[in-house]
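> No sequence on hand, only this structure:
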């Protein structure tokens, strides 16, 4: 906060809304809940188009690829936008209508940009920003269908950045531009935090965590560093979220070895590094 890099607003809000019962349970309970909120936040914003699975015996994670069809995915996302938009604009309880700028952006996207995934991703983000600002300032009356539209737009933008190769490439270029302004000390800390995550991975995932750490540590190309940080950060967040919500015993996270690596290595988790880099993701 003092360095001018406060936590993202959504994280601050979710922490403030932790149930009173948890606050009353003491620091350990609160810390556990905050860690759960952090993992869910980054897992949603840095998804990977792949499947993570957890070994029941060791608690460590593996990764497998998933097939992806660009055209079918875009059409599915557009149908979701169209449905959510129709519900919001037909609502009788909000001030959102066909004359609103956000509606015009989305309508233009549906009518004229179906073959341009980058335009879809950017205009979805603009429309969501307009809707959220108006909801926060009472420019629109609060309405379930309008809030649902905002949520749909956010999730589609996140998924497009994760899954669509053209969108992901353009998005990572924007991240790379911001990384050019990041000091080397922060990048080295990021490499150390990524390397610490190796302690809870197996096979291909273990190898790729090390490769991502090396890329952040040794590459002079901000675009390469951006790809590595995004991939490793998304995987680390998803692993944490799975551990905290799953039924598998968390042998790795509870082990002295893993905790020792995190503390001795950099003192930072990948989530800490993402915060330090600001709202790049």
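Right, received. Where do you want to start? Note that this is a predicted model, so its numbers are computed, not measured. Numbering: from 1, shown residues only.

> Surely residue 50 and residue 62 touch.
No. In this structure, residue 50 is not within contact of residue 62 by Cβ atoms under 8 Å, at 10.2 Å. From N, CA and C alone the C-beta is placed, and that goes for glycine too.

> Can you give me the buried ones in the helix or strand hosting residue 190?
Using DSSP states H and E, residue 190 sits within helix 184-196. Buried residues in helix 184-196, counting neighbours by 16 or more other Cβ atoms under 10 Å, are found at 187, 189-196.

> Report the inter-axis angle for the lengthiest helix in the chain versus helix 184-196.
Secondary structure of the chain per DSSP state H: the longest helix is helix 222-245. Relative orientation of helix 222-245 and helix 184-196, computed by axes from the mean of the first three to the mean of the last three Cα atoms, to 10 degrees: 40 degrees.

> Give me the pLDDT value at residue 209.
With respect to pLDDT, residue 209 has a value of 92.

> Next up, the contacts around it.
194-195, 197-198, 201, 232, 235 (Cβ atoms under 8 Å, 6 or more residues apart in numbering).

> low pLDDT regions in the stretch 51-200 of the chain?
The model of the stretch 51-200 of the chain has no residue with pLDDT under 70.

> Kindly confirm my reading that residue 93 is in a strand.
No. Under DSSP: H, G, I helix; E, B strand; the rest coil, residue 93 falls outside any strand and is assigned coil.

> was I right about it contacting residue 140?
No. Using Cβ under 8 Å, residue 93 is not in contact with residue 140; the gap is 10.1 Å.

> Looking at those two, which one has more neighbours?
residue 140 (23 against 11; other Cβ atoms under 10 Å).

> So that one is in contact with residue 134, correct?
Yes. Residue 140 lies in contact with residue 134 (Cβ under 8 Å); the separation is 4.4 Å.

> Contact partners for residue 223?
172-173, 176.

> give me that answer again for 10 Å
Contact analysis of residue 223 by Cβ atoms under 10 Å, 6 or more residues apart in numbering lists 169, 172-173, 175-177, 179-180.

> cool, residue 164 as well?
49, 68, 70, 73-74, 77, 117-118, 120-121, 170-171.

> one more time with 8 Å
70, 73-74, 117, 121.

> Need the residues you listed in a markdown table (columns: secondary structure, distance to residue 212 and neighbour count).
Output for the contacts of residue 164, formatted as a markdown table (DSSP: H, G, I helix; E, B strand; the rest coil; distance: Cβ to Cβ, whole Å; neighbours: other Cβ atoms under 10 Å):
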| residue | secondary structure | distance to residue 212 | neighbour count |
| --- | --- | --- | --- |
| 70 | helix | 24 | 13 |
| 73 | helix | 25 | 16 |
| 74 | helix | 28 | 22 |
| 117 | helix | 25 | 21 |
| 121 | helix | 24 | 24 |
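
> which one of these sits closest to residue 29?
Closest approach between the contacts of residue 164 and residue 29, by Cβ to Cβ: residue 121, at 38.5 Å.

> hang on, that closest one packs against residue 158?
No. At 9.7 Å, residue 121 does not count as touching residue 158 under the criterion of Cβ under 8 Å.

> what ranges do the strands span in this protein?
50-54, 61-65 (DSSP state E).

> Can you show me the helices along the stretch 101-250 of the chain?
Under the criterion DSSP state H, counting those that start in this stretch, the stretch 101-250 of the chain contains helices at 101-112, 117-136, 144-163, 165-179, 184-196, 203-218, 222-245.

> Just the pLDDT at residue 280, thanks.
52.
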